[in-house]
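Trainee: Give the three-dimensional model of this entry:
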Amino acid sequence: MEWLTCIRTAIEYMEDHLTEDISAQDVAGQVYLSPFFLQRGFSLMTGYGIGEYIRNRRLYQSALDLRDTGERIIDIALKYGYETPESFTKAFSRFHGVTPSQVRSGALFRVFLPLRVDVSVHGGNQMEYKIVPMFPFKVIGFQKVFDNETAYAEIPKYWDEICEKYANNVYAGNEPANPYEQALVDNCIGEYGVCIDDLGDGKFRYLIAGKYTGGEVPEGMVIYEFPRCEWAVFNCLGPLPEAMQSVNTRIFREWLPGNPEFELYGNANVEWYDCVNGEKDDPDYRSAIWVPVKRKE
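Mentor: Model prediction:
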């Protein structure tokens, strides 16, 4: 399914099922796309996570029900997925700035209408990328599970945690002091950030990884193998995270919508970081985003 059609179909599905118990995985199933890719693309194109969009729309519709019907507040709360009037009132007040009772008495509330997604092309420059066929390859790394809704804020903290715990000693020029530091050196762990969407329930695995060269796999570390496929490789130049975030946004807003040749494939993607030249805050620091793709029939 063409990318822009995916986003529009996802919005239509959410609008048709606002009073039902649906998740990002349910929405992704309607457009035959990995929840991770759909969540990331939806957020970049609209500014909202899927869960956030559903909550906002429900809270707006509940305000309309309070204003326009005589339904009891508890019934409206249950209708939009809240188990108690208290939890509904708390979420409602946080979103609208007024309570359900105040809306029923005529208070104004926040408007949140269904989204319309259109693509605007700015300037005349095309995105630079290359299609690279790759044989199967393995990565080894430190793994943590993240929630789609909070991953952007939490993943940088995980990098800091791993660097402080396992990397600082060898980065200072010292010999590895334990099997984890040895694995980090042997496999250049930190060259890749790998997102793997195979868990469901709005969660995915993230690996701070390197290309596996063989040898011991310390307890708690994991190996993941990518199948043979083609990758769209987008180079980034500039300090992180701004440079990579800018390119990532353009991929989902400009490159994927209406692409005549390629569509997303698989359930994982890779961030590549130059571990040899420069620092991540240098103006000419090099990184890249690797996206698995398949050619359209």
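
Trainee: What is the burial count for Ile162?
Mentor: Neighbour count of Ile162, defined by other Cβ atoms under 10 Å: 18. All C-beta spots, glycine's among them, are computed from the backbone N, C-alpha and C.

Trainee: Would you mind identifying the next helix or strand past the lowest-mean-pLDDT helix or strand in the chain?
Mentor: Lowest on mean pLDDT, DSSP states H and E among the helices and strands of the chain sits helix 35-46, with a mean of 84. As assigned by DSSP states H and E, the chain's next helix or strand after helix 35-46 is helix 50-68.

Trainee: what helices or strands is that next one leaning on?
Mentor: With contacts defined as 3 or more Cβ pairs under 8 Å, 6 or more residues apart in numbering; DSSP states H and E, helix 50-68 has these neighbours: helix 3-16, helix 24-30, helix 35-46, helix 73-79, helix 85-96, helix 100-104.

Trainee: So which bits of the fourth one are buried?
Mentor: Read that as helix 73-79. Of the residues in helix 73-79, Ile73, Ile76, Ala77, Lys79 count as buried by neighbour count, 16 or more other Cβ atoms under 10 Å.

Trainee: Run through who's touching it.
Mentor: For helix 73-79, the surrounding residues in contact (Cβ atoms under 8 Å, 6 or more residues apart in numbering) are 19, 62, 65-66, 71, 83-85, 87-89, 100-101, 104.

Trainee: quick revisit: turn the buried residues of helix 73-79 into CSV, columns for distance to Glu254 and pLDDT.
Mentor: Below are the buried residues of helix 73-79 laid out as CSV (distance: Cβ to Cβ, whole Å; pLDDT from 0 to 100):
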residue, distance to Glu254, pLDDT
Ile73, 45, 95
Ile76, 41, 97
Ala77, 41, 96
Lys79, 39, 96
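
Trainee: which of these lies closest to Pro179?
Mentor: Of all the buried residues of helix 73-79, Ala77 has the smallest distance to Pro179: 52.7 Å, by Cβ to Cβ.

Trainee: now the closest one: how far from Phe226?
Mentor: Noted for Ala77: a distance of 46 Å to Phe226, by Cβ to Cβ, to the nearest Å.

Trainee: Any regions of the chain where pLDDT drops low?
Mentor: Low-confidence segments of the chain (pLDDT under 70): 1, 118-126.

Trainee: hmm, 80 instead?
Mentor: Scanning the chain for pLDDT under 80 picks out the ranges 1-3, 117-127, 149, 152, 200-202, 257-258, 297.

Trainee: Just give me the residue right at the centre of it.
Mentor: Arg40 (3.6 Å; Cα atoms, centre = their mean).

Trainee: Isn't that one up against Phe252?
Mentor: Yes: assessed by Cβ atoms under 8 Å, Arg40 is found in contact with Phe252 at 6.9 Å.

Trainee: Leaving out sequence neighbours, find the closest residue to Thr84.
Mentor: Of all residues not flanking Thr84 in the chain, Ala77 sits nearest, at 7.1 Å (Cβ to Cβ, 6 or more residues apart in numbering).

Trainee: Tell me where the stretch 151-297 of the chain has helices.
Mentor: 151-162, 168-171, 179-187, 242-250 (DSSP state H, counting those that start in this stretch).

Trainee: I appreciate the help and will end here.
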